[in-house]
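*Asks:* this one's sequence-less:
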C-alpha cells in the first residue's frame with residue numbers, strides 16, 4: 001500500500017455528538033481520528049487495487065502484477081470487491097491491459113453477484129482479437145471456452161478470477 005507524505009490539512013465542522021462518535025469508532029479501531037477517517041474515505045482494498053494497477057502500468061512483465069491483482073480480488077466478498085474496484089484506474093493502461101482489467105472486473109462481479117463499476121462501460125473493446133496462447137491448436141479451444149466478459153472485449157483466455165492454470 002502506498003504511503004504518501006501528508007502535506008495538506010483539511011478541516012471540517014462536525015457537531016459535538018458526531019465528533020464523539022468518530023472518536024469512539026477510532027478508539028475501537030485502535031486508530032487516531034484522522035487515520036480512521038482516511039480509512040473510510042480511502043478503503044484499504046481500493047488503495048491496494050490502485051497500487052497494483054500502477055505496478056501493471058509500470059511493469060515490463062504486467063502479467064505477474066496482474067496475477068497479484070487476481071489474488072487480491074479473488075477471495076473478496078461482494079461488498080469489499082465493489083469498494084475495491086469502484087474507482088476508474090488512476091494510471092493509464094495500454095488498451096490490452098485496460099480491456100483485460102475491465103473484463104476481469106466484469107467477470108468477477110458476475111461470479112460474486114456484485115455491481116459492475118460504471119467505468120468498465122467506458123473501456124472500448126479491442127479491434128483485433130487477442131489470444132491467451134500463441135499456439136494455433138489452442139485458439140479454437142479459447143474461442144469456445146472464454147468467459148463472456150472477455151469475449152465481449154475480443155480477448156480469448158481459458159482461466160480468470162479464482163481459476164488456476
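*Replies:* Alright, I've got the coordinates. Given the structure is predicted, the values throughout are model-derived calculations rather than measurements.
*Asks:* Show me what secondary structure element comes after the lowest-mean-pLDDT helix or strand in the chain.
*Replies:* Sorted by mean pLDDT, DSSP states H and E, the helices and strands of the chain end with helix 33-41, the least confident at a mean of 82. Using DSSP states H and E, the helix or strand that follows helix 33-41 towards the C-terminus is helix 44-58.
*Asks:* Could you list every helix and strand in contact with that following helix?
*Replies:* helix 62-73, helix 78-84, helix 95-112 (3 or more Cβ pairs under 8 Å, 6 or more residues apart in numbering; DSSP states H and E). The C-beta positions use only the backbone N, C-alpha and C, and glycine is treated the same way.
*Asks:* quick one: low-confidence parts of this structure?
*Replies:* The chain contains residues with pLDDT under 70 at 1-4, 42-43, 160-165.
*Asks:* try it again with 50
*Replies:* The model of the chain has pLDDT under 50 over residues 1, 164-165.
*Asks:* just to revisit the earlier point, hey, which of the helices and strands packed on helix 44-58 is tucked in deepest?
*Replies:* helix 95-112 (a mean of 21; mean count of other Cβ atoms under 10 Å).
*Asks:* ok, residue 102 - contacts?
*Replies:* 119-120, 123, 149, 153 (Cβ atoms under 8 Å, 6 or more residues apart in numbering).
*Asks:* repeat that with 7 Å
*Replies:* 120, 123, 153 (Cβ atoms under 7 Å, 6 or more residues apart in numbering).
*Asks:* just residue 139 next, same as before
*Replies:* residue 131.
*Asks:* Tell me the spacing between it and residue 129.
*Replies:* Residue 139 sits 9 Å away from residue 129, going by Cβ to Cβ, to the nearest Å.
*Asks:* and what of residue 8?
*Replies:* 46 Å.
*Asks:* give me the element residue 26 is part of.
*Replies:* Per DSSP H and E: helix 16-28 holds residue 26.
*Asks:* which secondary structure elements does that helix contact?
*Replies:* helix 33-41 (3 or more Cβ pairs under 7 Å, 6 or more residues apart in numbering; DSSP states H and E).
*Asks:* what does the helix it packs on contact?
*Replies:* 22-23, 25-26, 29.
*Asks:* Now which of the residues you listed would you call buried?
*Replies:* By neighbour count, with 16 or more other Cβ atoms under 10 Å, the contacts of helix 33-41 hold 22, 26 as buried.
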